[in-house]
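Peer 1: No letters, just coordinates:
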């Protein structure tokens with residue numbers, strides 16, 4: 001799997017389902033944007049950073065807290 005595979009797969013699924021078709025392709029949410037939003041929402045709900053880190057698959061907290 002290449003690093004951009006999740007983003008390309010999501011973009012293809014969005015196109016197939018006509019999700020966000022009112023937005024230009026460059027303005028549609030990417031896989032990584034949605035994933036980062038998930039991490040922020042967990043953080044806002046008070047989950048431990050180590051828990052969120054595990055969900056995100058990051059070895060270092062700095063990968064998403066910067």
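Peer 2: Structure received. Worth saying up front: this structure is predicted, and the values here are computed from it rather than measured.
Peer 1: Just the local confidence number for residue 63, please.
Peer 2: Per-residue pLDDT puts residue 63 at 55.
Peer 1: Let me know how buried residue 10 is, in neighbour terms.
Peer 2: 19 (other C-beta atoms under 10 Å). For the C-beta atoms, the positions are set from N, CA and C on the backbone; glycine is no exception.
Peer 1: What of the one 4 residues further on?
Peer 2: Other residues near residue 14 come to 17 when the count uses other C-beta under 10 Å.
Peer 1: Report all helices and strands that the strand or helix carrying it contacts.
Peer 2: In this assignment (DSSP states H and E), residue 14 forms part of helix 5-17. Applying 3 or more C-beta pairs under 8 Å, 6 or more residues apart in numbering; DSSP states H and E, one finds that helix 5-17 makes contact with helix 31-44.
Peer 1: could you list every residue that touches residue 20?
Peer 2: 14, 28-29 (C-beta atoms under 8 Å, 6 or more residues apart in numbering).
Peer 1: looking at this structure, which helix or strand does the model trust least?
Peer 2: None of the helices or strands of the chain scores lower by mean pLDDT, DSSP states H and E than helix 62-65, at a mean of 55.
Peer 1: Let me know the distance separating the most far-flung residue of the chain relative to its centre from residue 1.
Peer 2: Outermost residue of the chain with respect to the C-alpha centroid, by C-alpha atoms, centre = their mean, is residue 22; its distance is 20.7 Å. In this structure, residue 22 and residue 1 are 30 Å apart, going by C-beta to C-beta, to the nearest Å.
Peer 1: what do you get for residue 42?
Peer 2: Note on residue 42: its distance to residue 1, by C-beta to C-beta, is 24 Å.
Peer 1: Between those two, which has more neighbouring residues?
Peer 2: Shown here are residue 42 and residue 1; by other C-beta under 10 Å, residue 42 has more neighbours (16 against 6).
Peer 1: how about stretch 35-48: buried residues?
Peer 2: For stretch 35-48, the neighbour count (16 or more other C-beta atoms under 10 Å) marks 35, 39, 42 as buried.
Peer 1: Okay then, goodbye and thanks.
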